[in-house]
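Any chance you could fold what I've pasted below:
(2 chains)
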Amino acid sequence: MSTAENVQAPVPQVSSFKMIYTLGGVAMVSGFLLVLVFQATEGRIAANKKAAIERAVFQVVPGAEQRRSFQIVDGDVALLPEGEAATGTVFYGGYDASGALLGVALPASSQGYADIVKVLYGYDPNTETVIGMTVLESKETPGLGDKIAKDPRFQENFAALDVKLNEVGDGLANAVVTVKNGAKEHPWEIDGIAGATISSKTVGRAMNASASELLPIIRKNLDVLKAEQ
Amino acid sequence: MAAKSKVPDSFDVFIKGLWKENPVFVMLLGMCPVLAVSNSVMNAIAMGLATTFVLVCSSTLVSLLRSFIPKQVRIATYIVIIATFVTIVDYAIQAISLDLYKALGAFISLIVVNCIILGRAEAFASKNTVSKSVLDAVGMGLGFAFALLCLGVVREVLGSGSLLGFQVLPDRFQPWAIMILPPGGFIVLGSWLLLFAWFAEHKQRKNAEGEAARA
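Sure, this is the predicted structure:
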């Protein structure tokens, strides 16, 4: 840029009203435009969000074709009607075409290497096992920690991970733990990923915390989940 | 822009953003999104197009209103205009694809403070006719998108062995994870800048030699 251009021309005096009119006018037109665009895209965005949730739920509850949203309020499970704001922890029930409960999809999160890792896992109340897991949100290092989302051998851990409740029914019989790669001995252990120790441990920790808190509530309220709609 | 008396014709106005005054490779503006969201070709294209859209729309509006806007409140007015179009892009991307929206993250909203856009509004659109401003904005926007694409292609091919999600390198190839990470952005940007600077110097030397030969 030349120096000649940077020399400011003397600014003509303008009444404050003109400034207010201009800014106010531009802001009003902006607001109008934004409302238009918001209304035009609202439906699509809501549909996208719903599709994203459904994709995740159907992924962690294999065979599911329908989904219902539930929330946990004060230790009880209640149906969350579509489009209503949640007040408690939200989870999803996965049903087959005839409406029979196949499993529930539960959220879990824990501090990972980079940021909070959020996962969704499927729980089958009949076999008391975890039947699927998908990473919803993670900023783990590409190429290392982000293997928790893609590594097929890590995913195999969640085909039938034991999460039986203890005899009293207020917690897990065996805590879910991530063990060193290749050291898995028990059905409640997660075989970690070599080179992604922290991230794979994060998944185990998140799942253990979530399962010990939510599963007792779910088991008590199975009739709510299985109720015909 | 140095010679004010000589008005560049419209082709020049358009092409200078793409090449001679490329916002990224020559003016080094808007580095933040360039480094952050050039880790894949798809992200680069989306960011480039989003920025071009905001640039063209805001330049048009600023140029249209240039004689109404009092000097004292011009920057505030430009920002309101730019922010409006950024929010529109924000909604549009959410409606198109949530995955893309997640990948671009905060950098969509940050287009508001991309200095290329305010820079063009202040330095060009507020002083030129609408048609010229649009040409300038399209040129600058595409120049920005081109630069993002240059980085995106290199980073995705080396960092994931794929192009637009399709695998292009054989399985034997061990992806260089560093290319997807922030340091990879700096390395690739530096390499491109080196190449461009070398080109410019080469051309300059040739011109000088030509003049010397004539004299």
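
What segments of chain A are strands?
For chain A, the strands defined by DSSP state E cover A:66-73, A:76-79, A:89-95, A:101-111, A:116-124, A:129-137, A:161-162, A:177-179, A:189-191.

Show me what residue of chain A gets nearest to chain B.
Ranked by Cβ to the nearest Cβ, the top residue of chain A for proximity to chain B is residue A:143, at 2.8 Å. (Each C-beta comes from the backbone N, C-alpha and C, glycine too.)

nearest spatial neighbour of that residue, skipping sequence neighbours?
Leaving aside its sequence neighbours, residue A:143 sits nearest to residue B:177 (Cβ to Cβ, 6 or more residues apart in numbering or on different chains; 2.8 Å).

again, but for residue B:145
Distances taken as Cβ to Cβ, 6+ apart place residue B:48 nearest to residue B:145, at 2.6 Å, with adjacent residues excluded.

can you tell me which residue is nearest the centre of the chain?
If you meant another chain, say so; for now it's chain A. For chain A, the residue sitting closest to the mean C-alpha position, by Cα atoms, centre = their mean, is residue A:136 at 4.8 Å.

wrong chain, I was asking about chain B
Averaging the C-alpha coordinates of chain B gives a centre point, and the residue nearest to it by Cα atoms, centre = their mean is residue B:144 (1.7 Å).

what does stretch A:209-224 contact?
Applying Cβ atoms under 8 Å, 6 or more residues apart in numbering or on different chains, the set of residues contacting stretch A:209-224 from outside is A:70, A:72, A:75-79, A:89, A:91, A:101, A:104, A:106-110, A:121, A:123, A:125, A:130, A:163, A:165, A:169-172, A:175-176, A:225.

so what's the residue nearest to the centre of chain A up against?
Applying Cβ under 8 Å, 6+ apart, one finds that residue A:136 lies in contact with A:56, A:107, A:118, A:119, A:120.

Tell me, how many residues neighbour the last one?
Which is residue A:120. 24 (other Cβ atoms under 10 Å in any protein chain shown).

Correct me if wrong: it contacts residue A:133.
Yes. Assessed by Cβ atoms under 8 Å, residue A:120 is found in contact with residue A:133 at 7.3 Å.

okay, and the common contacts of these two?
The contact sets of residue A:120 and residue A:133 overlap at residue A:60 (Cβ under 8 Å, 6+ apart).

Quick one: find the helix or strand in chain A with the lowest mean pLDDT.
Lowest mean confidence among the helices and strands of chain A (mean pLDDT, DSSP states H and E): helix A:3-6, at a mean of 52.

Tell me the spacing between residue B:98 and residue B:91.
Residue B:98 sits 12 Å away from residue B:91 when distances are taken as Cβ to Cβ, to the nearest Å.

Show the contacting residues for the residue of chain B found nearest chain A.
Closest to chain A within chain B is residue B:177: 2.8 Å, counting by Cβ to the nearest Cβ. Contacts were defined as Cβ under 8 Å, 6+ apart; by that measure residue B:177 touches A:141, A:142, A:143, A:144, B:159.

Ok, residue A:115 next?
A:138, A:139.

let's go with 10 Å and repeat that
Contacts of residue A:115 were listed using Cβ atoms under 10 Å, 6 or more residues apart in numbering or on different chains, and they are A:137, A:138, A:139, A:140.

May I see those organised as CSV, with distance to chain B and pLDDT added?
Output for those, formatted as CSV (distance: Cβ to the nearest Cβ, whole Å; pLDDT from 0 to 100):
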residue, distance to chain B, pLDDT
A:137, 8, 84
A:138, 11, 83
A:139, 10, 81
A:140, 12, 82
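
could you point out where chain B is predicted with low confidence?
Regions of chain B meeting the criterion pLDDT under 70 cover residues B:1-8.

in it, which spans are helices?
B:10-18, B:31-36, B:41-64, B:74-96, B:98-104, B:115-120, B:130-160, B:182-214 (DSSP state H).

report the longest helix in chain A, please.
In chain A, with assignment by DSSP H, the single longest helix is helix A:16-60.

Does it pack against any helices or strands, and if so which?
The contact analysis (3 or more Cβ pairs under 10 Å, 6 or more residues apart in numbering or on different chains; DSSP states H and E) places helix A:16-60 against strand A:66-73, strand A:89-95, strand A:101-111, strand A:116-124, strand A:129-137, helix B:41-64, helix B:74-96, helix B:98-104.

now the angle from it to strand A:89-95?
Put simply, helix A:16-60 runs at 40 degrees to strand A:89-95, going by axes from the mean of the first three to the mean of the last three Cα atoms, to 10 degrees.

roughly how far is helix A:16-60 from the heart of the chain?
Helix A:16-60 sits 23 Å away from the centroid of its parent chain (Cα atoms, centre = their mean, to the nearest Å).

does chain B sit close to stretch A:88-105?
No. For stretch A:88-105, no contact with chain B is found by Cβ under 10 Å from any Cβ of the partner chain; the gap never falls below 17.1 Å.
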